[in-house]
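Novice: sequence plus the predicted model coming up.
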Amino acid sequence: MLLALAVLASQVATIIRVLLRPHRDPASRISWIAVILAVPVVGVLGYILLGETSIGRRRIARLRRALEALPPPAETPAPEIPARHQPLFRVGRSISGYPPIGGNTARLLADSDAAIQALVADIHAATEHVHLLFYIWLPDRNGRRVVEAVCRAARRGVACRVLVDDIGSKHLVRSPHWLAMAAAGAALSRALRVGFPLLRPLNGRIDLRDHRKLAVIDNRIAWCGSQNCADPEFRVKARFAPWVDMMMRFEGPVALQNQHLFASDWAAWRGEHLGALLLDPPAFAPEGFAAQVIASGPTVRNSAMPEIFQTLIYGARRELTVTTPYYVPNGALHAALCAAGYRGVAVTLVLPARNDNWAVAAASRSYYADLLEAGVRLLEYRDGLLHAKTLTLDGEVTLIGSANMDRRSFDLNYENNILFCDAATTGEVRGRQESYIAASRAVTPGEVAAWPAWRRLWNNMVAVLSPVL
C-alpha cells in the first residue's frame with residue numbers, strides 16, 4: 001500500500017513538473033504525461049533522465065560568462081539584400097546575434113574526401129591558428145589525415161585548438177591519436193563531458209550534445225556543413241554507407257562569426273578566452289555576398305531552429321528544395337512545408353531511403369501522406385545515407401550546416417549553420433541537390449496509400465512518441 005502511494009505521489013509530482021516546465025510544446029507535454037501514466041516507474045525515471053533540456057546550472061553560468069567576456073561580433077556593411085529576403089536574416093540575427101555581413105565567397109567541395117583534402121591543405125597553409133570543432137571525429141583514414149595535419153601545424157608553432165563532443169568523438173579521445181595531438185602542442189578539449197554516467201543526470205541531461213562541425217583558419221577561412229571528421233564509409237555504422245555530405249569552404253568576414261562561435265564554446269569547455277583574436281580582424285575585399293552564422297542549442301532561445309526553418313519555408317515564392325537525413329518536425333514546421341506546397345511553391349524534400357535510426361525512419365514516414373497531398377515532391381535517396389542538411393529557396397538563398405529537421409536539433413543539440421544570399425553559389429548547391437534527386441526514387445501517393453494497416457499504425461505510434469525521444 002505504501003509503495004503504491006509512493007509511486008502515485010511520484011507520478012503526480014512529475015506530471016505537475018511536466019505541466020509547469022516552460023517552453024515545452026503541448027504535444028510533448030501530452031506525450032510525457034501519457035508515458036508517465038502508462039508505465040509509472042519507467043515513465044517517472046525516463047522524465048528525470050531525459051525529460052528536460054538543462055545542461056546544468058554551472059555549465060549554463062560558464063557559457064554565459066564566456067559570451068559576456070567576448071567582444072561583440074564585428075559588423076561590416078552587407079551588400080544590398082533583396083527586400084523580400086531581409087526578414088530571413090533578421091530572424092537569424094535574433095537567434096545568435098550575428099548580423100548579415102558582406103564580402104564573402106564560398107566553394108562547394110565535390111565530396112567528403114575532397115573536403116578533408118582541402119581542409120588538410122588549409123591546415124598546412126595556416127600561419128596563425130587552426131580551430132576545429134567536430135561532433136564526430138573518428139580515428140579512420142580521413143580522421144588520421146586531419147590529426148597528422150594538426151600535429152605538423154602545432155610543431156611549427158601554429159596555435160592549434162581542437163574541440164570535440166565527448167560522446168560523438170569517444171573513439172578518437174580513447175585512441176593514441178588524441179595523445180599525439182597533445183604531445184605535438186595542440187590544445188584539446190571535450191564538450192559536455194559525461195563523467196560518471198550514473199551521476200551525470202544530476203548535472204543535466206546526458207544526451208545533450210555539441211553537434212557542430214566547423215573549422216576556422218587564421219580568421220580568414222571558415223568551414224561549415226554536415227560532414228564529421230571521418231571517412232564516407234563511416235565504419236561505426238558501415239552498413240548504411242556511404243554517408244553523403246555537403247561541406248562548404250567560406251572566405252570572408254563570416255569566418256569571424258564562426259570564430260566568435262568557436263571562442264564561446266572553447267571558453268565554456270576549456271576555460272581559455274580568445275577574445276583578443278576578434279579585436280584585430282583581417283582586411284577583406286568588399287566584393288562578395290552576404291552571409292550570416294546561425295547557431296542554436298539548449299541554452300539559446302527556445303525553438304530557434306524551427307523558427308529559422310519555418311521563416312525560410314514561408315519566405316519561398318517559387319521553389320524550395322530541402323535535403324535532410326532526419327525529418328521529425330514539430331507541428332508548425334510540418335504545416336509550413338505543406339502550406340508551401342498548397343500555395344504553389346515547387347517544394348522538393350529529399351530523405352534517405354535507408355536511415356540509420358529506425359525510430360526516425362518510421363516517424364518520418366508518418367508524414368508522407370500529408371506532404372504528398374500538399375503537392376510536395378518527396379524522394380528517397382538510394383546511394384547511401386544522405387546526410388547533407390541543406391535548404392535552398394528561389395534560387396537565391398541557401399542554409400547549410402549541421403542542423404537536421406528533427407527534435408534533437410530543435411531542442412537537444414548545439415548546431416551551427418550559415419545562411420547566405422547569392423544566386424551563383426546557391427546555384428552550385430542546387431546543382432548538388434539535383435544530383436541527389438537524380439539518385440533518388442519518387443515516393444507516390446499510391447504507394448503510401450497501399451501501405452498495410454500495421455505499417456501505418458507502427459509509423460504513427462512512433463511519431464506520437466517522437467516528442468519524448
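Specialist: Done, it's in. Everything numeric in this text was worked out from a predicted model, so none of it was measured.
Novice: spell out which residues make up each domain of the protein.
Specialist: The chain breaks down into these domains under automatic domain parsing: 2-11+25-50, 58-81+101-288, 304-465.
Novice: what's the mean pLDDT across the last one?
Specialist: This means domain 304-465. Domain 304-465 comes out with an average pLDDT of 95.
Novice: what's the span of it from first residue to last?
Specialist: The first residue of domain 304-465 is 22 Å away from its last residue (C-alpha to C-alpha, to the nearest Å).
Novice: minimum distance to residue 17: which of the domains of the chain has it?
Specialist: Checking those against residue 17 by C-beta to C-beta gives domain 2-11+25-50 as the closest, at 7.5 Å. (Each C-beta comes from the backbone N, C-alpha and C, glycine too.)
Novice: export the domains of the chain as TSV, with columns for distance to residue 295 and mean neighbour count.
Specialist: As requested, those are exported to TSV (distance: least, C-beta to C-beta, whole Å; neighbours: other C-beta atoms under 10 Å):
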stretch	distance to residue 295	mean neighbour count
domain 2-11+25-50	21	15
domain 58-81+101-288	5	19
domain 304-465	5	20
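Novice: so which of those domains is nearest residue 88?
Specialist: Among the domains of the chain, the nearest to residue 88 by C-beta to C-beta is domain 304-465 (5.4 Å).
Novice: how about JSON lines for the domains of the chain, with distance to residue 92 added?
Specialist: Converted to JSON lines, those look like this (distance: least, C-beta to C-beta, whole Å):
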{"stretch": "domain 2-11+25-50", "distance to residue 92": "22"}
{"stretch": "domain 58-81+101-288", "distance to residue 92": "11"}
{"stretch": "domain 304-465", "distance to residue 92": "5"}
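Novice: for the nearest residue to residue 423 once chain neighbours are set aside, phi and psi?
Specialist: The shortest distance from residue 423 to any non-neighbouring residue, by C-beta to C-beta, 6 or more residues apart in numbering, is to residue 396 (5.2 Å). Backbone torsions of residue 396, given as degrees, to the nearest 10, read phi -130, psi -30.
Novice: my guess is residue 396 contacts residue 426. True?
Specialist: Yes: the criterion here is C-beta atoms under 8 Å, and residue 396 meets it with residue 426 at 5.7 Å.
Novice: for stretch 339-347, what is the distance to the chain centroid?
Specialist: Counting by C-alpha atoms, centre = their mean, to the nearest Å, stretch 339-347 is centred 25 Å from the centre of its parent chain.
Novice: may I have stretch 390-399 exported as CSV, CA atoms only?
Specialist: This file holds the C-alpha atoms of stretch 390-399, laid out as CSV (Å, rounded to 0.1, in the frame of the first residue of the first chain):
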residue,chain,number,x,y,z
THR,A,390,20.6,22.0,-46.9
LEU,A,391,17.7,24.3,-47.8
THR,A,392,17.6,26.5,-50.9
LEU,A,393,14.8,28.9,-51.9
ASP,A,394,14.0,30.7,-55.1
GLY,A,395,17.5,30.1,-56.5
GLU,A,396,18.9,32.9,-54.3
VAL,A,397,19.2,31.9,-50.6
THR,A,398,20.8,28.9,-49.0
LEU,A,399,21.0,27.5,-45.5
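Novice: Provide the contact partners of it at residue level.
Specialist: 82, 85, 88, 226, 246, 294, 308-309, 312-313, 315-324, 400, 417-423, 425-427, 429-430, 432-433 (C-beta atoms under 8 Å, 6 or more residues apart in numbering).
Novice: in strands, which of those residues fall?
Specialist: Applying DSSP state E to the contacts of stretch 390-399, the entries found in strands are 294, 319, 320, 321, 322, 323, 400, 417, 418, 419, 420, 421.
Novice: same list (those residues) but as CSV, adding distance to residue 335.
Specialist: Shown next, in CSV, are the ones in strands among the contacts of stretch 390-399 (distance: C-beta to C-beta, whole Å):
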residue, distance to residue 335
294, 22
319, 19
320, 14
321, 19
322, 15
323, 20
400, 24
417, 22
418, 26
419, 22
420, 26
421, 25
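Novice: farthest-separated two in the residues you listed?
Specialist: Distance extremes for the ones in strands among the contacts of stretch 390-399: the farthest pair is 294 and 319 at 21.3 Å, using C-beta to C-beta.
Novice: all helices of the stretch 151-300 of the chain, in order?
Specialist: Secondary structure of the stretch 151-300 of the chain by DSSP state H, counting those that start in this stretch: the helices cover 170-173, 176-184, 254-269.
Novice: quick one: mean pLDDT for stretch 269-282?
Specialist: Mean predicted confidence for stretch 269-282 is 86.
Novice: residue 119 and residue 220: what is the separation?
Specialist: To residue 220, residue 119 is 14 Å away according to C-beta to C-beta, to the nearest Å.
Novice: what about the strands in the stretch 1-150 of the chain?
Specialist: With DSSP state E, counting those that start in this stretch as the criterion, the stretch 1-150 of the chain has strands at 101-108, 129-134.
Novice: contact partners of the longest one?
Specialist: With contact meaning C-beta under 8 Å, 6+ apart, strand 101-108 is reached by 74-79, 118, 246-254, 257, 284-292, 420, 422, 425, 428-429, 432.
Novice: quick one: that strand to helix 254-269, angle?
Specialist: Put simply, strand 101-108 runs at 90 degrees to helix 254-269, going by axes from the mean of the first three to the mean of the last three C-alpha atoms, to 10 degrees.
Novice: quick one: strands adjacent to strand 101-108?
Specialist: Its sheet considered, strand 101-108 pairs with strand 247-251 (antiparallel), strand 289-296 (antiparallel) by DSSP bridges.
Novice: out of those strands, which gets nearest to residue 439?
Specialist: Closest to residue 439 of those is strand 247-251 (C-beta to C-beta; 18.3 Å).
Novice: tell me which residues touch residue 339, please.
Specialist: If you count contacts by C-beta under 8 Å, 6+ apart, residue 339 has them with 313, 314, 374.
Novice: can you add distance to residue 34 and give the residues you listed back as JSON lines?
Specialist: Output for the contacts of residue 339, formatted as JSON lines (distance: C-beta to C-beta, whole Å):
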{"residue": "313", "distance to residue 34": "30"}
{"residue": "314", "distance to residue 34": "31"}
{"residue": "374", "distance to residue 34": "28"}
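Novice: which of these sits closest to residue 141?
Specialist: Taking the contacts of residue 339 together and measuring to residue 141 by C-beta to C-beta, the closest member is residue 313, at 38.0 Å.
Novice: residue 235 reaches residue 140, doesn't it?
Specialist: Yes: counting by C-beta under 8 Å, residue 235 touches residue 140, with 6.0 Å between them.
Novice: which stretches of the stretch 301-450 of the chain form helices?
Specialist: 304-315, 331-342, 358-365, 368-373, 407, 423-438, 445-449.
Novice: with distance to residue 209 added, can I get the ones you listed in a markdown table?
Specialist: A markdown table is the format used below for those (distance: least, C-beta to C-beta, whole Å):
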| stretch | distance to residue 209 |
| --- | --- |
| helix 304-315 | 14 |
| helix 331-342 | 21 |
| helix 358-365 | 16 |
| helix 368-373 | 28 |
| helix 407 | 13 |
| helix 423-438 | 26 |
| helix 445-449 | 33 |
